[in-house]
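Trainee: Pasting the sequence and the predicted model now:
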Amino acid sequence: MLQIIKNEWRFLVRSRIFLGISIAFISILMLSVFLGNYQTHKQEQTYQSAKDHVRQQWVSIDEMSPHSAAHYGTYVFKPSNLLSSLDEGVNSVTGNVLKVEGHVQNEITHSEASQMQAVSRFGKLKPSLLLQYIVPLLLIFLAFNSVSNEKQSGRLKLLVLQGAKPLQIILSKTLSVWLYGVLLLTFILLVYGILNFQSFTDEILIRTILFFLSYCFYYFIISGLTVFFSARWQNATLALTSMLGVWIIWTMFLPNILMSSAEKWHSLPSRSEFKSAMKEDRSKGMDGHNPADKRGIELKEKVLKEYGVDSLSQLPINFNGIRMQADEEYGNIVWDKHFGHNRDVLQKQKQSFQLGGIINPFISLQNTSMGFMASDNLHHQEFLLQVENYRRVFIKMLNEKETFSSSKTGREDNAFFRSVPDFDYKPTQISAVILNYMLDIGLLILWSILVIVLIVFGTKKMQII
Amino acid sequence: MVNTSYSTYCFRNQKNANNMRNLNIFLYEWKHFVRSPFKIVALFLFILASIYGLQNGADLYEKQHLEINKVNQKVTDKKDEIVTYFEKGEKGPKNRPWIDVATPFWAIYNTPTYHYKKATPAIVYNIGQTEQYGFYKSIDIYSSPYDADMAKEIANPERIQSGTLDFAFVVLFLLPLLLLVLLYNIKGQEAEQGFLPLVFVQTGSKNWWLVSRTAFYTILLLLTLFGLLFYGAMLTPIFKTDSTLWQIFLWVAIYLIFWILIYFLILKYGKNTVSNTLQMIGVWLLFAFIIPAAVQQWISIEKPTNLMVDIIDTKRDKTDEIYDQTNELTDKQLFNLYPSLKQTEIAKDSVGIKNARRRSIRALINSAMKNAIAKIDQDNQSRNELISKTYWFNPLTYFQNKFNHLSGTHYDDYQDYRNDIQDLIDKRIEIMVLDIWNDVKVDKAKYLEYTTTLSNND
């Protein structure tokens, strides 16, 4: 088998067309890695400068009441990550700016896609674009006539006469084509690794290995299936057109159709429904800005009783802060209910889409590629959750200051504002989310087994001549 | 005389023979097509995908209009609530005693106004950039065209990233593939089977033979596309619009001819089926994937995503600055914006002017916001200009944006929508400031006048 693989490679390397295409493609791949990396660094600079600027504004507050500061709020920008230079995932369509303030959980806005006219339907020239769409096509082109050519030239008969089993031949052909894909993949990851050597962490390494493995499985499925068609069909053209048909259905038709269908099966509320429902629930709680609010008065009575005093002026604390925090905590329950419902729906959509991997392994590949590169919706939602958790701590800190402040003017000085921590994004660890991708990995493995079964049983009926 | 009529006769005969030959090639191609299950399945899938895409477009059209109706209902309810205060002689909600709807500030504050980007019937063919933006916006004196509620509808970002399968997607990306399936073995198959010279002898001209066969599929696809466009027209009231349907058909036809020409050249100079197929798919990959993706990558390097720091600065530093500035400077700036304020009674009343000034400061902040927004719009515009400069080698993006323009779903259409929103904000603030300074008392009639004046929706 090894000998057949070696021979296959010998033939390939002798082909000028193959070498030409390989050199051209490797150049495009390198370009995509360099550009992806450069763009990530440039975006990182823009992000850092905006983050510093906003932080500077916050720490420069000379004097302000904590509640005014809660309205003044701060802004969180979605950071770019090193991994997204391999697969950008949803980053260009999600927003980048999120205002963190009191009384409200805002939505992230100002996506990159909304800042220009339409350009590419399949995203930027990132390695993932080439690895997902173009490399499989290259593998199809390499494999479609691998067996039919041998049949036509009579070499297949010769190989069988020399003692090679048809199964060995087909598997060797599959592996030799698959190796080409794996080499391209390895090359990309090596270049990426060299460019980012200093920033490499264990987490990035594990994610990159998982990324590598999922592509290896997919390339095996594509190579095996194409060689199988080449062995089963009498002519190469039929094998090529069949595989191109499969490629078109897998990459162009099904992902769009299945994702749209998943969105219809588990529908999200419209923005106005969402807002109305939150407003409705919110109105049942306390109005932090309205001292005449019934629930506010009840809370006031409770606090006065707790401190054993008759009026707010006798309280050793500022009741406004307590009311604001109570309002905030009620709001949090409302946000959790409604934003939580949306997250549940998104998760159901994702699970339904993942099941699409049963008929289309490309879906599993897309999911794992984005997921392992921390750029899918799951990671986006994790980021939003971190921001919301920060908002709650941030506002609570301000409300507590308002409540327990010793300031006579009700305004805090610069030292307090400096002491409020900035948002610090902790990238989601793969160990925390890996279970979400087990279905995709499982389906890729299942597909690989299916292809092996097809090859094993299919070659039994293969005509040698 | 005799010679002339003989040559005319010969010419006519030759012409008839040519017509017959072309008809035969057409009939041969028809037989070839109906006997090729692969091609029929490809066409069937294309039609199926198109119908699915058209339904998606129609669903979105329906959904957006339904949503606008719901929002309108809310507006009506809110308006009725305020009108009730006037009818009962109340100032506003009892639990908010500081509200007085008889004053221009609170009356305008409580005038619910939404501005809509109504979906055009042509959205059935092309969703374009619709899903990147919101299509209704609540307008008040604190609004700006870059508010958070301008964000797109709540949707799964992974679905938005992969894009909706609409008719334009089918045309732009799948039509060239369908064409490839229909044309890939023309000439190559005959060459491989060794009867190409025979075909040339029988048909006289190899170019004409190739043109006729290609023309057959061109006509077949044009008819199919027209049928699909017509089906789409049944789903939304597109016939009510001027000539959008015909314009879309024209551009679809131009796009089809663009690909026919490319494939024709490949077939003309190609040697065999496999090499022709590889070249065709290579060109498709180049135009559909590599060039647009490279352009987008380049744009994002040249012009990184704007994080809206200018707007943030205006909302914070500039706003603080305006609030902190001297009354003289505020008055001067207000009088520059609205010269007629200077002549009002309030301007001469040292007590009344305080409240009027405080309520009018929003006009100055709006002015500063407009300056910040202008920078962002300019930045986006320069990004778009860069993209437009690539059209000559990036045809798919050109056609995509052409379709977006035709269906009213282009970036420019949403820019116009933002501009309209800004105009409405300006108008709202101007009316409010003038009425405050002119000490207008608001009654039911005046309030109803506000509700119609402050909205420009039909």
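Mentor: Yep, it's here.
Trainee: hey, where'd the strands end up in the chain?
Mentor: Defaulting to chain A. Listed in chain order, the strands of chain A (DSSP state E) span A:63-64, A:74-77, A:97-101, A:104-105, A:412-413.
Trainee: my bad, chain B
Mentor: Secondary structure of chain B, counting by DSSP E: strands at B:113-116, B:136-139.
Trainee: Mind checking those for the one nearest to chain A?
Mentor: Distances from chain A to each of the strands of chain B were compared by C-beta to the nearest C-beta, and the smallest falls on strand B:136-139, at 7.5 Å. For the C-beta atoms, the positions are set from N, CA and C on the backbone; glycine is no exception.
Trainee: Quick one: low-confidence residue ranges for the stretch 201-350 of chain A.
Mentor: By pLDDT under 70, the low-scoring segments of the stretch 201-350 of chain A are A:287-292.
Trainee: Return the residues of it in contact with chain B.
Mentor: When proximity is defined as C-beta under 8 Å from any C-beta of the partner chain, the stretch 201-350 of chain A approaches chain B at A:236-237, A:240-241, A:244-245, A:248-249, A:252-253, A:255-257, A:259-260, A:262-263, A:268-274, A:276, A:287, A:290, A:292-293, A:342, A:346, A:349-350.
Trainee: Filter those down to just the ones in helices.
Mentor: Assignment to helices by DSSP state H places the following of these there: A:236-237, A:240-241, A:244-245, A:248, A:255-257, A:259-260, A:262-263, A:271-274, A:276, A:342, A:346, A:349-350.
Trainee: Are any of those buried, and if so which?
Mentor: A:236-237, A:240-241, A:244-245, A:248, A:255-257, A:259-260, A:262-263, A:271-272, A:274, A:346, A:349-350 (16 or more other C-beta atoms under 10 Å in any protein chain shown).
Trainee: Next one: A:Lys401 from chain B, what distance?
Mentor: 20 Å (C-beta to the nearest C-beta, to the nearest Å).
Trainee: so which residue of the stretch 251-400 of chain B comes closest to chain A?
Mentor: Closest point on the stretch 251-400 of chain B to chain A, by C-beta to the nearest C-beta, is B:Pro292, at 3.6 Å.
Trainee: list the contacts for that residue?
Mentor: A:Val119, A:Ser120, A:Arg121, A:Phe122, B:Asn394, B:Leu396, B:Thr397 (C-beta atoms under 8 Å, 6 or more residues apart in numbering or on different chains).
Trainee: From A:Gly89, how far out is the last one?
Mentor: In this structure, B:Thr397 and A:Gly89 are 22 Å apart, going by C-beta to C-beta, to the nearest Å.
Trainee: and the closest residue to A:Ile26 other than its chain neighbours, how far is that from chain B?
Mentor: Spatial nearest neighbour of A:Ile26, excluding adjacent residues (C-beta to C-beta, 6 or more residues apart in numbering or on different chains): A:Phe187 at 6.5 Å. Relative to chain B, A:Phe187 is positioned 18 Å away (C-beta to the nearest C-beta).
Trainee: Also A:Pro361?
Mentor: Computed as C-beta to the nearest C-beta, the A:Pro361 to chain B distance reads 16 Å.
Trainee: right, and that residue touches A:Tyr218 too?
Mentor: Yes: A:Pro361 is within contact range of A:Tyr218, at 6.0 Å (criterion: C-beta atoms under 8 Å).
Trainee: what do those two both touch?
Mentor: Residues within reach of A:Pro361 and of A:Tyr218 at once, by C-beta under 8 Å, 6+ apart, are A:Leu444.
Trainee: Go ahead and flag the most central residue of chain B.
Mentor: The central residue of chain B, meaning the one whose C-alpha is nearest the mean C-alpha position (C-alpha atoms, centre = their mean), is B:Thr409 at 1.0 Å.
Trainee: isn't that one right next to B:Val124, touching?
Mentor: No: in terms of C-beta under 8 Å, B:Thr409 does not count as a neighbour of B:Val124; the distance is 11.1 Å.
Trainee: Can you report how many residues neighbour residue 114?
Mentor: This is for chain A. Per other C-beta atoms under 10 Å in any protein chain shown, the neighbour tally for A:Ser114 reads 24.
Trainee: hm, I was asking about chain B
Mentor: Residues lying near B:Tyr114 (other C-beta under 10 Å) number 17.
Trainee: Distance check, it against A:Trp58.
Mentor: Distance check for B:Tyr114 against A:Trp58: by C-beta to C-beta, it reads 34 Å.
Trainee: Quick check: chain neighbours aside, which residue is closest to the spatially most central residue of chain A?
Mentor: Central residue check for chain A by C-alpha atoms, centre = their mean: the C-alpha nearest the mean position is that of A:Asp376, 1.5 Å away. When the adjacent residues along the chain are set aside, A:Asp376 lies closest to A:Met370, with 3.7 Å between them (C-beta to C-beta, 6+ apart).
Trainee: just B:Asp439 next, same as before
Mentor: Distances taken as C-beta to C-beta, 6+ apart put B:Ile346 closest to B:Asp439, at 6.0 Å, once the chain neighbours are dropped.
Trainee: Next up, the contacts around the one you found.
Mentor: When contacts are counted by C-beta under 8 Å, 6+ apart, B:Ile346 touches B:Gly352, B:Ile353, B:Ala356, B:Ile436, B:Trp437, B:Asn438, B:Asp439.
Trainee: how about those in a markdown table, adding pLDDT?
Mentor: Written out in a markdown table, the entries for these read as follows (pLDDT from 0 to 100):
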| residue | pLDDT |
| --- | --- |
| B:Gly352 | 82 |
| B:Ile353 | 88 |
| B:Ala356 | 90 |
| B:Ile436 | 92 |
| B:Trp437 | 92 |
| B:Asn438 | 91 |
| B:Asp439 | 88 |
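Trainee: now stretch B:79-98, how far from the chain's geometric center?
Mentor: Between the mean C-alpha point of stretch B:79-98 and the mean C-alpha point of its chain there is a distance of 41 Å (C-alpha atoms, centre = their mean, to the nearest Å).
Trainee: swap in stretch B:208-218?
Mentor: 35 Å.
Trainee: Same check on stretch A:331-348?
Mentor: Put simply, stretch A:331-348 sits 20 Å off its chain's centre (C-alpha atoms, centre = their mean).
Trainee: what does that stretch contact?
Mentor: A:103-105, A:265-269, A:274, A:277-278, A:281-282, A:285, A:377, A:381, A:388, A:392, B:154, B:156.
Trainee: ok, 7 Å please
Mentor: A:103, A:105, A:266, A:268, A:274, A:277-278, A:281-282, A:285, A:377, A:381, A:392, B:154, B:156 (C-beta atoms under 7 Å, 6 or more residues apart in numbering or on different chains).
Trainee: Quickly name whichever of these is closest to B:Arg428.
Mentor: The shortest distance between B:Arg428 and any of the contacts of stretch A:331-348, using C-beta to C-beta, involves A:His103 and amounts to 23.9 Å.
Trainee: how close does A:Phe220 sit to A:Thr174?
Mentor: Look at A:Phe220 and A:Thr174: by C-beta to C-beta, they are 7 Å apart.
Trainee: pLDDT (mean, whole number) over stretch A:456-465?
Mentor: Model confidence over stretch A:456-465, given as mean pLDDT, is 73.
Trainee: Same check on stretch A:126-138?
Mentor: Computed over stretch A:126-138, the average pLDDT equals 93.
Trainee: quick check, that stretch touching chain B?
Mentor: Yes: in this structure, stretch A:126-138 sits against chain B according to C-beta under 7 Å from any C-beta of the partner chain; the contacting residues are A:Leu129, A:Tyr133, A:Ile134, A:Leu137.
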